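Visitor: With the sequence up front, the predicted model follows.
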Amino acid sequence: MTINPVETIRKQLDFLPELDRLKSVLRQSPLINRARRENSAEHSWHLAMFALVLSEHAEGVDALHVVKLLLLHDIVEIDTGDAPIHVAGRDTAVLMQDERAAAERIFGMLPLHQAQEFLSLWLEFEPGVTRNARFARALDRLQPLLLNTLTNGGTWAENGVTEQQVMDRYGPVIEGGSTLLWQVASAMVREHFYRRHANVS
């Protein structure tokens with residue numbers, strides 16, 4: 001089968017502007033300067049940088065592969081929106097179904113070889129079976145944790161999240177990707193809640 005490079009480029013140039021819509025998907029997490037909430041495109045970029053900077057703390061991971069997982073995993077939010085960890089009410093099974101449909105639609109805009117590759121990477125992320133996916137998921141939890149500790153509680157304060165809930169919701173995922181990162185992150189969580197309860201700014 002002959003691949004027409006012009007048609008390939010046209011499909012790729014249809015796909016890339018579609019990604020611009022991710023800039024309009026607002027997340028719960030505030031920027032550190034608290035001027036506004038971050039959007040999903042900013043979150044994805046920040047996570048990619050987390051992978052480049054922190055991959056040395058997870059044995060046997062391929063930083064470039066982790067970057068790919070992180071840049072692709074939230075693209076489905078163009079169709080589904082963000083699903084905040086601390087906000088209840090969304091049916092997980094329905095959300096997974098909607099996200100799969102979104103992944104097939106959006107990645108399906110690409111030439112077949114890229115559509116298959118990107119969908120495969122997207123499918124690798126969520127179950128967290130591979131070492132790279134576990135580390136990617138750890139960073140996806142670590143980034144909002146860091147933002148919350150730097151914004152006086154951020155989404156934790158807004159949603160009345162307790163220290164134990166933070167430990168339960170973030171701990172297993174972060175520790176599953178890097179025990180060292182969780183060691184440092186959990187200390188930051190304890191320090192945050194200690195200062196909050198002691199009313200220390």
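Guide: Yes, it's here.
Visitor: mean confidence for stretch 188-201?
Guide: The pLDDT scores in stretch 188-201 average 87.
Visitor: Spatially nearest residue to the most centrally placed residue in the chain (excluding sequence neighbours)?
Guide: The structure's the chain has its C-alpha centroid closest to residue 140; by CA atoms, centre = their mean the separation is 4.0 Å. Among residues not flanking residue 140 along the chain, residue 47 sits closest, at 6.2 Å (CB to CB, 6 or more residues apart in numbering). Bear in mind the C-beta positions are built from the backbone N, C-alpha and C, glycine included.
Visitor: for the one you found, what are its contacts?
Guide: 70-71, 136, 139-140, 143 (CB atoms under 8 Å, 6 or more residues apart in numbering).
Visitor: So which of those residues sit within strands?
Guide: Among those, none falls in strands (DSSP state E).
Visitor: would you turn these into a markdown table with distance to residue 129 and pLDDT?
Guide: Listed next are those as a markdown table, based on distance: CB to CB, whole Å; pLDDT from 0 to 100:
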| residue | distance to residue 129 | pLDDT |
| --- | --- | --- |
| 70 | 16 | 98 |
| 71 | 19 | 98 |
| 136 | 12 | 98 |
| 139 | 16 | 98 |
| 140 | 15 | 98 |
| 143 | 21 | 98 |
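Visitor: from those residues, which two are the most distant?
Guide: Farthest-apart pair in these is 71 and 143; separation 13.4 Å (CB to CB).
Visitor: contacting residues around stretch 73-90?
Guide: 18-19, 21-22, 25-28, 40, 43-44, 95, 98-99, 101-103, 105-107, 122, 125-126, 136, 140, 144, 155-156, 159, 161, 165, 169.
Visitor: Those, buried ones only, as a PyMOL selection?
Guide: Buried members of those, defined by 16 or more other CB atoms under 10 Å, are picked up in PyMOL with:
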select buried, resi 22+25+27+28+40+43+44+98+99+102+103+106+107+122+125+136+140+144+155+156+161
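Visitor: Looking at the contacts of stretch 73-90, which are in helices?
Guide: 18, 40, 43-44, 95, 98-99, 101-103, 105-107, 122, 125, 136, 140, 144, 155-156, 159, 165, 169 (DSSP state H).
Visitor: Okay, buried residues for stretch 50-70 please.
Guide: So for stretch 50-70, counting by 16+ other CB under 10 Å, buried means 50-51, 54-55, 57-58, 61, 63, 65-70.
Visitor: Relative to residue 116, which of those residues is nearest.
Guide: The nearest one, if we look at the buried residues of stretch 50-70 relative to residue 116 and count by CB to CB, is residue 68, at 13.9 Å.
Visitor: That closest one sits in which helix or strand?
Guide: helix 63-73 (DSSP states H and E).
Visitor: for residue 38, same thing?
Guide: strand 37-39.
Visitor: what are the pairing partners of that strand, and which direction each?
Guide: strand 26-30 (antiparallel) (DSSP bridges).
Visitor: And the partner strand, how far out from the chain middle?
Guide: With CA atoms, centre = their mean, to the nearest Å as the basis, strand 26-30 stands 12 Å off its chain's centre.
Visitor: and what of stretch 148-167?
Guide: 18 Å.
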